[in-house]
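Q: I'll drop the sequence and a predicted model, then ask my questions.
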Amino acid sequence: MKTTKIEWTEVTWNPTTGCTKISTGCKNCYAEKMALRLKSMGIAKYKNGFEVALHPELLKEPYKWNTSRMVFVNSMSDLFHEDIPFSFIEKVFKVMNDNLEHTFQILTKRAELLYHYSNRLKWTPNIWVGVTVESAEYLERIDFLREVPAAIRFLSLEPLLSPLKLMNLRNIDWVIVGGESGPNARHIEKEWVLDIQKQCEKKKIAFFFKQWGGINKKKQGRILEGKIYDEMPTY
């Protein structure tokens, strides 16, 4: 467990690490850069860099936490990566099922595999699940997500790389939007963000604007039309 600066959560927990690029949003992956940096520092957990790795010893961690937390699961990986055995995913879910005082947030780009596994997993109310949709090319991920029997289903539209007009937001509870950050950050348009905010407002869906991004994301901030949007879903 590690505290994090990610605005929509409190801590991260990484029972797996590593991933592979599958879509345009992966191009400037922050987790890959971080993993390679940690490897160069000699951190044992990242001895293989950003290759997919399981860390069963970390399955014990949530049982030791004394206070309830909002937990981003696998900030350095994708729990539904095709190289992660279903048996290990089951073990991660067992930990989450056993620790109802914590809220666990899972985010994946592999929406089809999430859907494929979903009915074989136990979805206690403290497990939220989301998919990343960085451009209109990947809107089908939302269709897979809405069929998953989770208490909260959310979208991470980050890095937002195109307009996402007229999304089907049925059975979606929360939408996070953010621009890409870092030296090679791709552009985000204000009109794209405003359109998504209006779609959420119309459907009464919690809307969270994470950042404008850019080279200096702190300077660019997260104010949209004079307001900070940090809405969270209720369940």
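A: Thanks, I have the structure now. Residues are numbered from 1 along each chain as shown.
Q: ok, and the most far-flung residue of the chain relative to its centre, which helix or strand is that part of?
A: Distance from the centre of the chain peaks at residue 42, with 26.7 Å (CA atoms, centre = their mean). For residue 42, there is no helix or strand it lies in under DSSP states H and E.
Q: Got the phi and psi for it?
A: phi 80, psi 20 (degrees, to the nearest 10).
Q: Which stretches in the protein count as strands?
A: Assignment of strands within the chain using DSSP state E yields the ranges 2-3, 11-13, 16-17, 53-54, 70-73, 103-108, 127-132, 152-157, 174-178, 206-211, 223-224, 227-228.
Q: one step back: for the residue farthest from the centre of the chain, give me its contacts.
A: Contact partners of residue 42, counting by CB atoms under 8 Å, 6 or more residues apart in numbering, are absent. All C-beta spots, glycine's among them, are computed from the backbone N, C-alpha and C.
Q: Give me the pLDDT for the residue lying closest to residue 82 once chain neighbours are set aside.
A: Nearest in space to residue 82, with sequence neighbours left out and distances taken as CB to CB, 6 or more residues apart in numbering, is residue 113 at 6.5 Å. We have a pLDDT of 98 for residue 113.
Q: Could you find the closest non-adjacent residue to residue 15?
A: Per CB to CB, 6+ apart, closest to residue 15 is residue 58, 4.7 Å.
Q: do the same with residue 27
A: With CB to CB, 6+ apart as the criterion, residue 27 has its nearest non-adjacent residue at 7.2 Å, and that residue is residue 21.
Q: next one: residue 124
A: Closest to residue 124 by CB to CB, 6+ apart is residue 97, at 4.9 Å.
Q: can you pull the contacts of that neighbour?
A: 122, 124, 127.
Q: Give me the buried entries from the residues you listed.
A: In these, burial by neighbour count holds for residue 127, counting by 16 or more other CB atoms under 10 Å.
Q: ok, the contacts of residue 97 vs residue 6, which is closest?
A: Nearest to residue 6 among those, counting by CB to CB, is residue 127 at 17.9 Å.
Q: Test my guess that the closest one contacts residue 95.
A: No - if you go by CB atoms under 8 Å, residue 127 and residue 95 don't touch, sitting 10.6 Å apart.
Q: quick revisit: same list (the contacts of residue 97) but as JSON lines, adding distance to residue 54 and pLDDT.
A: JSON lines is the format used below for the contacts of residue 97 (distance: CB to CB, whole Å; pLDDT from 0 to 100):
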{"residue": "122", "distance to residue 54": "20", "pLDDT": "98"}
{"residue": "124", "distance to residue 54": "22", "pLDDT": "98"}
{"residue": "127", "distance to residue 54": "20", "pLDDT": "98"}
